[in-house]
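In: One predicted model, sequence on top.
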Amino acid sequence: MKKSIRFEQIENTVSEKMAKEGYIKAENMSFGKRLIAAIFFAGSVQALYWFGYFLVGNPTFSGTTNEYQFTLSLKWFVMLFCLYFLFNMIFLGAKYRCRNNIKLAYKSNVWLAQLSVIFYWLLIIDLQLLTKNPYLRIFNILVVSGCFIFSIIKSIKKIKNLIYKNQEADRLSKLMTENPKMIKSILTILFIASVVSNIFSNELSNQTPKPNIEGRIILALVPVIPILFSIFSIYAFPWLSETMARIYFLNEFSEEFRQKFKIEKKLWYGSKSKEHKEEQKKKQHFSKKLSQHNQKEQNELKSHT
């Protein structure tokens with residue numbers, strides 16, 4: 001990708017503040033901090049998965065013949081991903097810290113973005129498993145999938161606009177990205193309609209006493225929460241993709257950005273980086289030559305006197 005993109009095209013996509021946050025946070029991310037963060041995030045994914053694993057086989061919720069039986073076979077995938085995340089945060093983090101701070105900032109964001117997508121879909125599955133009505137589950141997953149596809153299209157357009165400001169979008173992209181208010185309005189109407197229909201459904205009437213309208217409203221909100229997350233994903237994933245693109249450019253054109261912002265190699269790459277060590281060797285070599293030259297001049301002056 002770097003071969004097809006010139007630095008002049010993207011030099012304004014990354015601010016000095018963003019770059020500074022990247023190398024400072026990477027330098028300060030000690031082993032202990034990385035370990036705590038890795039355990040917390042990997043543990044959250046595991047907790048979310050095992051909660052869904054419990055719901056799949058619990059007839060109190062969706063029964064044992066629902067469409068999410070495949071969740072039972074995902075345990076090894078989730079476990080391997082968590083191990084992969086832990087390995088990257090702890091060991092690869094140690095490899096890059098103080099040796100290539102900008103690359104560590106980029107890699108850390110990649111790992112967190114991967115975790116965010118998996119966390120999002122596991123959360124949607126858990127919410128679906130809390131929904132007894134199979135037709136509502138189908139409706140929710142169609143809305144969630146549609147919004148996720150929309151967010152991908154919107155993300156692609158945002159990234160293209162970062163590189164090619166006059167990039168002409170196709171008709172589908174224009175329809176999907178230039179009418180966010182219309183899409184948000186449709187989703188809001190669907191959400192309200194789903195809540196109202198759930199409040200007065202026979203299923204909720206059996207679970208709560210008729211006078212207890214507050215209880216019905218609370219129970220009605222749970223099955224349609226995926227629609228709220230769909231609305232959230234329309235904004236969250238394009239923002240995440242755009243941020244990732246900016247950090248990617250910062251990493252790919254690291255030296256160019258360093259020279260633009262006039263940052264020392266010790267701060268930019270790290271105190272243990274080969275770039276900083278080479279710079280120190282050159283300085284030492286130059287100072288050594290300078291001292292030798294001064295010594296030579298002093299000796300010549302002494303010989304003349």
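Out: Here it is on my side, so go on. Residues are numbered from 1 along each chain as shown.
In: Give the buried residues for stretch 95-114.
Out: Within stretch 95-114, the residues that qualify as buried are 96-109, 111-112, counting by 16 or more other CB atoms under 10 Å. Yep, even glycine has a C-beta here, placed from its N, CA and C like the rest.
In: Of all these, the one with the weakest confidence?
Out: Among those, Cys98 carries the lowest pLDDT, at 80.
In: how deep is Phe7 tucked in, by neighbour count?
Out: By other CB atoms under 10 Å, 14 other residues sit near Phe7.
In: gap between it and Gly43?
Out: Remark: distance between Phe7 and Gly43 (CB to CB, to the nearest Å) = 40 Å.
In: Low-confidence ranges, the stretch 51-200 of the chain, go.
Out: For the stretch 51-200 of the chain, the stretches flagged by pLDDT under 70 are 59-66, 165-200.
In: how about the strands in this protein?
Out: Counting by DSSP state E, the chain yields no residue ranges for strands.
In: Now do the helices in it.
Out: All helices of the chain, identified by DSSP state H, fall at 7-10, 16-28, 31-56, 75-87, 93-96, 101-129, 134-163, 171-177, 180-199, 202-207, 213-252, 254-261, 265-268, 274-304.
In: Give the buried residues for stretch 41-51.
Out: Buried residues in stretch 41-51 (16+ other CB under 10 Å): Phe41, Ala42, Val45, Gln46, Leu48, Tyr49.
In: I'd like to know how many residues surround the closest residue to the first one other than its chain neighbours.
Out: Closest residue in space to Phe41, ignoring its immediate chain neighbours: Leu115 at 5.6 Å, by CB to CB, 6 or more residues apart in numbering. When neighbours are counted by other CB under 10 Å, Leu115 registers 20.
In: Now for Leu115: which residues touch it?
Out: Residues in contact with Leu115 (CB atoms under 8 Å, 6 or more residues apart in numbering) are Phe41, Ala42, Val45, Phe81, Phe85.
In: Spit out the contact partners of the fourth one.
Out: When contacts are counted by CB under 8 Å, 6+ apart, Phe81 is found next to Val45, Gln114, Leu115, Ile118.
In: again, 7 Å this time
Out: The contact partners of Phe81, by CB atoms under 7 Å, 6 or more residues apart in numbering, come to Ile118.
In: And the last one, by the same measure?
Out: Going by CB under 7 Å, 6+ apart, Phe85 touches Ala38, Phe41, Ala42, Trp111, Leu115.
In: Which of the residues you listed sits closest to Tyr53?
Out: Nearest to Tyr53 among these: Ala42, at 16.2 Å, using CB to CB.
In: just checking, that closest one touches Asn88?
Out: No - the pair Ala42 and Asn88 does not pass the contact test of CB atoms under 7 Å, sitting 10.4 Å apart.
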